[in-house]
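Asker: next input, structure requested:
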Amino acid sequence: MALSEESIARIIDKVGWAPQELDRDELRRNIQAALDSYQADLDESRARTRHGQNAAAAKIVRLATELFNLLEDPGQRNLIDAISIGFPICEGVVVLGAEWENGPAGGPMYRADDPLRRHEEPSFHGVKAGLRKLSHAAENAALTPSPRHALRKSVGATPLTWLLGKELPDVYKLSFQRRAGRSHPANKNAAPRGPFVRFVAAVMQELAHPVSNYTVEAAIKRIRARLYAQSPKTTSAR
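Answerer: Coordinates of the predicted model:
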């Protein structure tokens, strides 16, 4: 869901305070990014979604490889030569965005629509190199989870726990300039409370996915404990 200015106003009102220099647009963008990451985590966690992504990646690998092989087919030399004529003459360059003043022999290059004789087009060899790179990248993408997904999985957190215990605390600390914490009333049976707990509750309410204060506290404790356990331990010099 897309957060509106009214949503941000309601969230700040529920928190109960805000620093004078709070940038509401930045807060909205940061919360939206956290919610988008949460949705991406949900999608990546679904077997059906992973299967669809893997199938699409496999199709990209297959089509890119087939096209590369076709452009290398010696039996289609005349066709390939005719195709290559439509590409820039600098066949050795394989990157987009390069600028060339001269041709391979040092002579000036000419294009009627480019008086500076500069190109921003790939060479024919560049296209073929790009197809090989595309195939390799798609194959790796199918096998490798996103860095965020890998980190979340390494601490054994569900998408919701990660949102409540990592993503939203980071947003709160950045925008409200306070560490995400919670307090306990004197009555031990009462729920945890505090500005951050209200912040999370308000965000999740806007998402139409309300959570309890106990759920927020459990997520924070779980994520911090796991991340602390993974952090390198330092020892003092003797």
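Asker: C-alpha from now on. contacts and neighbour counts both.
Answerer: Fine.
Asker: quick one: the strands in the chain?
Answerer: According to DSSP state E, the chain carries no segments that qualify as strands.
Asker: in it, which helix or strand is least confident?
Answerer: Lowest on mean pLDDT, DSSP states H and E among the helices and strands of the chain sits helix 147-154, with a mean of 69.
Asker: burial of Asn189, as a residue count?
Answerer: Other residues within reach of Asn189 by the criterion other C-alpha atoms under 10 Å amount to 8.
Asker: repeat that for Ala157.
Answerer: Ala157 has 18 nearby residues by other C-alpha under 10 Å.
Asker: and for Glu6?
Answerer: Here the count is done by other C-alpha under 10 Å, and Glu6 has 9 residues near it.
Asker: now do Asn78
Answerer: Under the neighbour criterion other C-alpha under 10 Å, Asn78 is assigned a count of 10.
Asker: check what pLDDT it gets.
Answerer: Reported pLDDT at Asn78 in the predicted model: 92.
Asker: give me phi/psi at the nearest residue to Gln177 once chain neighbours are set aside?
Answerer: Spatial nearest neighbour of Gln177, chain neighbours left out: Pro19 (7.7 Å); criterion: C-alpha to C-alpha, 6 or more residues apart in numbering. Per-residue torsions, Pro19: phi -60, psi 150 (degrees, to the nearest 10).
Asker: over to Gly156?
Answerer: Main-chain torsions, Gly156, degrees, to the nearest 10: phi 70, psi 40.
Asker: show me what the helix ranked longest in the chain is packed against.
Answerer: In the chain, taking DSSP state H as the definition, the longest helix is helix 47-71. The helices and strands touching helix 47-71, judged by 3 or more C-alpha pairs under 8 Å, 6 or more residues apart in numbering; DSSP states H and E, are helix 24-45, helix 124-143.
Asker: now the last one against helix 47-71, angle please.
Answerer: For helix 124-143 against helix 47-71, the angle between stretch directions is 160 degrees (axes from the mean of the first three to the mean of the last three C-alpha atoms, to 10 degrees).
Asker: kindly export helix 124-143 (C-alpha atoms) in PDB.
Answerer: As requested, C-alpha coordinates have been extracted for helix 124-143 and formatted as PDB (Å, rounded to 0.1, in the frame of the first residue of the first chain):
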ATOM      1  CA  PHE A 124      27.700  -5.800 -32.300                       C
ATOM      2  CA  HIS A 125      30.300  -7.600 -30.100                       C
ATOM      3  CA  GLY A 126      29.000  -5.600 -27.200                       C
ATOM      4  CA  VAL A 127      25.500  -7.000 -27.800                       C
ATOM      5  CA  LYS A 128      26.800 -10.600 -27.800                       C
ATOM      6  CA  ALA A 129      28.900 -10.000 -24.700                       C
ATOM      7  CA  GLY A 130      25.800  -8.600 -23.100                       C
ATOM      8  CA  LEU A 131      23.800 -11.700 -23.900                       C
ATOM      9  CA  ARG A 132      26.500 -13.800 -22.200                       C
ATOM     10  CA  LYS A 133      26.400 -11.500 -19.200                       C
ATOM     11  CA  LEU A 134      22.600 -11.600 -19.100                       C
ATOM     12  CA  SER A 135      22.500 -15.400 -19.200                       C
ATOM     13  CA  HIS A 136      25.100 -15.600 -16.400                       C
ATOM     14  CA  ALA A 137      23.300 -12.900 -14.200                       C
ATOM     15  CA  ALA A 138      19.900 -14.600 -14.600                       C
ATOM     16  CA  GLU A 139      21.400 -18.000 -13.700                       C
ATOM     17  CA  ASN A 140      22.900 -16.500 -10.500                       C
ATOM     18  CA  ALA A 141      19.800 -14.600  -9.600                       C
ATOM     19  CA  ALA A 142      17.800 -17.800  -9.700                       C
ATOM     20  CA  LEU A 143      20.200 -19.500  -7.200                       C
END
